[in-house]
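Undergrad: structure here, sequence nowhere to be found:
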């Protein structure tokens, strides 16, 4: 109920912006536009109140989705990596089919280069708030239930960082979280050579004490009610970060599933990991509903 109220509040904020404008501006600001990209894959564009610009989100729909009772709809939020976009997975024919066959409502937001955080230095860049807005808008448009037992979140690279960070901020929202080659001990310094990533100062600033509030490792205890899947690769620069995060969960007595694939921090690894994430997500969401 809390999430449903929250979703309503976010959508109401969007509507309020329109009321402050002329009738024409209101229509433009609040209008959702839906375009079919492929059968059962639609792009939904809307004016983002948080970013104050028009944004697009891709949604993959199950077979005969309108016949699925709203209370039975299961949803996976999938966050893209840095330099990628909301169509990156859809553009891959194999992954597209896997998403279409999953039976899930899959939400693929456009996260730009925002790391899915509210930047401490670029104040207009409130990408954590924006992600909340996306979920509220799409939930309302497709009548997605607010029960955490029917929601999961995942992502790769920057999106792996983002999905864990977002799940930690909203532990009441998700039953499962899956990270693929995610930067899960970041932003930080002091990692071994070849096992680090330059912190974007334009996004996170240069104050390392501020960085700590964004590092998923520092808030790992927030995931205690969630099922966690961590996937990395043996030659990926993020491997040490993921090992640190896994070890932190072990210390917290937090069960997790750890998978180490062959390869580096690459899209082929993401492609290999996708069916693992989908299988994990469906298993947990079925289990959460007692099936």
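TA: Perfect, thanks for sending it. All values derive from a computational prediction rather than experimental measurement.
Undergrad: and the gap between residue 189 and residue 210?
TA: Distance, residue 189 to residue 210, by C-beta to C-beta, to the nearest Å: 13 Å. C-beta coordinates here come from the backbone N, C-alpha and C atoms, glycine included.
Undergrad: quick one, which of those two is more surrounded?
TA: Between residue 189 and residue 210, residue 210 has the larger neighbour count (other C-beta atoms under 10 Å), namely 13 against 9.
Undergrad: need the phi and psi values for residue 282.
TA: The phi and psi values for residue 282, taken as degrees, to the nearest 10, are phi -60, psi -40.
Undergrad: and it, what pLDDT?
TA: On the pLDDT scale, residue 282 is placed at 97.
Undergrad: would you check that it makes contact with residue 99?
TA: No - in this structure, residue 282 is not within contact of residue 99 by C-beta atoms under 8 Å, at 11.9 Å.
Undergrad: okay, these two: which has more neighbours?
TA: Neighbours were counted for residue 282 and for residue 99 using other C-beta under 10 Å; residue 99 has more, 23 against 17.
Undergrad: from residue 66, how far off is that one?
TA: Per C-beta to C-beta, residue 99 is found 18 Å from residue 66.
Undergrad: residues in contact with residue 276?
TA: Residues near residue 276 by C-beta atoms under 8 Å, 6 or more residues apart in numbering: 229, 231, 259.
Undergrad: how about the second one, what does it touch?
TA: Under the criterion of C-beta under 8 Å, 6+ apart, the contact partners of residue 231 comprise 178-181, 259-261, 273, 276-277.
Undergrad: show me what it is bridged to.
TA: Beta-bridge pairing for residue 231 (DSSP bridges): residue 180, residue 259.
Undergrad: tell me the confidence at it?
TA: The model's pLDDT for residue 231 equals 99.
Undergrad: please pick the buried ones from the contacts of residue 231.
TA: 178-181, 259, 261, 273, 276-277 (16 or more other C-beta atoms under 10 Å).
Undergrad: of the residues you listed, closest to residue 62?
TA: Closest approach between the buried ones among the contacts of residue 231 and residue 62, by C-beta to C-beta: residue 277, at 16.8 Å.
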